[in-house]
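1. Below is the sequence, then the predicted model.
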Amino acid sequence: MPKKHVLVCVQGRPQGHPRGSCQDKDCNAIWQAFLDEFQSRNLWLSGFKLTNTGCIGPCSMGPNVLIYPEGVMYVGVQPADVVTIIDEHLMFDQPVERLKAPPEVWSMT
């Protein structure tokens, strides 16, 4: 079992879809930033896992990142936030409060 598993939504939907998608909010830049950091820090060899995924909801608040085993959902993630998530959450088990989804997000998904 990995120490932490980072799931990055890369869901795309057709233009004008009522739910929108993380792809419309440049989730690919988030995915690439995580890939770059994982590679430069050799995080795979340190017991961390990174996966791109389809919709993890809520689409209107994306780009979304979900981290297990804690089940912490980050919303509105920007490329500059990736280093902070890794430095604080992955390395020191301190979730990044300013990026955490509100508790009611779980009733929206």
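-> Ah, there it is.

2. okay, stretch 13-26 in PDB with CA atoms only?
-> What follows is stretch 13-26, C-alpha atoms only, in PDB (Å, rounded to 0.1, in the frame of the first residue of the first chain):
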ATOM      1  CA  ARG A  13     -16.600  16.700 -21.500                       C
ATOM      2  CA  PRO A  14     -18.000  18.200 -24.600                       C
ATOM      3  CA  GLN A  15     -18.100  22.000 -24.800                       C
ATOM      4  CA  GLY A  16     -21.300  23.300 -23.100                       C
ATOM      5  CA  HIS A  17     -21.900  20.200 -20.900                       C
ATOM      6  CA  PRO A  18     -23.900  21.300 -17.900                       C
ATOM      7  CA  ARG A  19     -21.400  19.800 -15.400                       C
ATOM      8  CA  GLY A  20     -18.300  21.300 -17.000                       C
ATOM      9  CA  SER A  21     -15.000  19.500 -16.500                       C
ATOM     10  CA  CYS A  22     -11.600  19.900 -14.900                       C
ATOM     11  CA  GLN A  23     -10.200  19.800 -18.400                       C
ATOM     12  CA  ASP A  24     -11.900  23.100 -19.100                       C
ATOM     13  CA  LYS A  25     -10.000  24.500 -16.100                       C
ATOM     14  CA  ASP A  26      -6.600  23.400 -17.300                       C
END
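
3. Go through that stretch and flag the buried ones.
-> Within stretch 13-26, the residues that count as buried by 16 or more other Cβ atoms under 10 Å are 20-23, 25. C-beta here means a position set from N, CA and C on the backbone, and glycine is covered the same way.

4. Check stretch 75-82 too.
-> Residues 75, 77, 79, 81-82 are the ones in stretch 75-82 that count as buried (16+ other Cβ under 10 Å).

5. Could you do stretch 51-68 as well?
-> If you call a residue buried by 16+ other Cβ under 10 Å, then stretch 51-68 has these buried ones: 52, 55-59, 61-67.

6. Next: stretch 5-14.
-> Along stretch 5-14, these residues count as buried under the neighbour rule (16+ other Cβ under 10 Å): 6-11.

7. Stretch 97-109 now?
-> When burial is assessed from 16+ other Cβ under 10 Å, stretch 97-109 yields the following buried residues: 99, 101.
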